[in-house]
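Chemist: This is a predicted model, with the sequence first.
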Amino acid sequence: MSAQTLPARDSTLPDDALNTSSEPVFDVPEQITVDLSEDGIVEVILPPNTVVRSPEAHAAAAAVRAFADGRRLPLLLTVTGVLSVTNDARLTYTNSVVVSACALLGESPVDRVIAHYLLRSRSDSVPARFFTSEAEARDWLREHHRGS
């Protein structure tokens with residue numbers, strides 16, 4: 001199966017954000033990418049400089065389920081530069097039944113905050129952890145996938 005790129009909605013801030021302007025924060029919507037790597041890890045890359053909402057999360061979850069094809073696979077979720085994730089989108093990402101382990105990858109302290117926000121509603125049966133190194137995240141995912 002090949003990578004799927006899913007369109008994201010425009011990057012306006014949610015209504016309850018501190019900025020009360022209805023102007024878009026960024027003009028060009030980014031893409032959510034979902035792919036299955038050669039090592040069997042499903043990779044989801046959330047678009048930087050955007051607010052991730054429920055429709056995009058549902059589309060990405062459907063793509064992950066298609067790649068899994070009835071199996072439980074490890075997931076590498078890249079959150080680098082994401083502005084925010086809505087509560088509905090968070091629940092979609094953290095309630096997947098096809099994920100054996102989830103590594104969240106980011107670079108900054110803000111990415112770490114976004115990752116921990118996502119992890120707050122995850123199932124305790126799915127190991128999950130934040131990383132700043134992709135190599136360490138992949139090693140951890142392979143180790144936890146073998147044990148599932």
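Modeler: Looks like it came in fine. Numbering: from 1, shown residues only.
Chemist: Tell me where this protein has helices.
Modeler: 54-68, 87-94, 109-119, 134-146 (DSSP state H).
Chemist: Buried residues in the last one, which are they?
Modeler: Neighbour counts over helix 134-146 (16 or more other CB atoms under 10 Å) mark Ala137, Arg138, Trp140, Leu141, His144, His145 as buried. All C-beta atoms are positioned from the backbone trio N, CA, C, and that covers glycine.
Chemist: Between those, which sits nearest Val42?
Modeler: Leu141 (9.6 Å; CB to CB).
Chemist: Skip the chain neighbours and tell me the closest residue to that closest one.
Modeler: Pro74 (3.8 Å; CB to CB, 6 or more residues apart in numbering).
Chemist: For Glu38, which of the helices of the chain is the nearest?
Modeler: Closest among those, once you apply CB to CB, is helix 134-146, at 11.2 Å.
Chemist: about what we covered before: distance to Val126 and mean pLDDT for the helices of the chain - can I get that in a markdown table?
Modeler: Below are those laid out as a markdown table (distance: least, CB to CB, whole Å; pLDDT from 0 to 100):
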| stretch | distance to Val126 | mean pLDDT |
| --- | --- | --- |
| helix 54-68 | 13 | 89 |
| helix 87-94 | 8 | 84 |
| helix 109-119 | 10 | 92 |
| helix 134-146 | 9 | 91 |
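Chemist: Looking at the ones you listed, spot the one closest to Pro47.
Modeler: Closest among these, using CB to CB: helix 54-68, at 8.6 Å.
Chemist: got the angle between the closest one and helix 87-94?
Modeler: Angle of helix 54-68 versus helix 87-94, following axes from the mean of the first three to the mean of the last three CA atoms, to 10 degrees, is 10 degrees.
Chemist: Extract the C-alpha set from helix 54-68 and format it as PDB.
Modeler: Backbone C-alpha positions of helix 54-68 (Å, rounded to 0.1, in the frame of the first residue of the first chain) are rendered in PDB as follows:
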ATOM      1  CA  SER A  54     -11.800  15.800  14.100                       C
ATOM      2  CA  PRO A  55     -12.500  15.300  10.300                       C
ATOM      3  CA  GLU A  56      -8.700  15.100   9.600                       C
ATOM      4  CA  ALA A  57      -8.100  12.800  12.500                       C
ATOM      5  CA  HIS A  58     -10.900  10.500  11.400                       C
ATOM      6  CA  ALA A  59      -9.500  10.400   7.800                       C
ATOM      7  CA  ALA A  60      -6.000   9.600   9.200                       C
ATOM      8  CA  ALA A  61      -7.500   6.900  11.500                       C
ATOM      9  CA  ALA A  62      -9.200   5.300   8.600                       C
ATOM     10  CA  ALA A  63      -6.000   5.200   6.600                       C
ATOM     11  CA  VAL A  64      -4.200   3.600   9.600                       C
ATOM     12  CA  ARG A  65      -6.900   1.000   9.900                       C
ATOM     13  CA  ALA A  66      -6.500   0.300   6.100                       C
ATOM     14  CA  PHE A  67      -2.700  -0.200   6.500                       C
ATOM     15  CA  ALA A  68      -3.200  -2.400   9.600                       C
END
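Chemist: Fine by me, we can end here.
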